[in-house]
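> please find the sequence and the predicted model below.
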Amino acid sequence: MTGAEDPIDPQLAFTVAAVWREARISCPHPDLLQSFAQGGLSGGAAEFVAFHLQDSRCPWCNAVLEDLRARDDAARAPVLADLRDRLLRSTAAALRRTRA
Ligand SMILES: [Zn+2]
């Protein structure tokens, strides 16, 4: 008796996954990926995108997501720099006060 516990040939499963990825059959639209990156998806759509990225490990969509996150970081950078400047100024002012 063999095969009862493992009905799917691992080699076949691997091939199906590879074809699936290469054909980009299930790739969500970049707009969906952007919504997902910003936490704007819920329910089935969020589950679908999460499955696609994490379980299917789609290299294209993961690359798109990385790109979107990098752009988000770039957009936030000036805000952080401004915050850092203000913190430095208030710290310097506080130090001057304690010395005076
Ligand atoms: Zn994809």
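Arrived safely. Note that the structure is predicted; figures quoted are calculated from it, not measured.
> so how far is stretch 37-48 from its chain's centroid?
On the basis of CA atoms, centre = their mean, to the nearest Å, stretch 37-48 sits 12 Å off its chain's mean C-alpha point.
> equivalent analysis for stretch 39-51, please.
In terms of CA atoms, centre = their mean, the centre of stretch 39-51 is set 12 Å apart from its chain centre.
> which other residues reach that stretch?
With contact meaning CB atoms under 8 Å, 6 or more residues apart in numbering, stretch 39-51 is reached by 26, 28, 32-33, 35-36, 61. C-betas here are computed from N, CA, C, even on glycine.
> what residues sit buried inside that stretch?
Of all the residues in stretch 39-51, those buried under the rule 16 or more other CB atoms under 10 Å are 41, 49.
> just to revisit the earlier point, within reach of the ion, which of the contacts of stretch 39-51 are there?
Counting by CB under 5 Å from the ion, Cys61 from the contacts of stretch 39-51 sit close to the ion.
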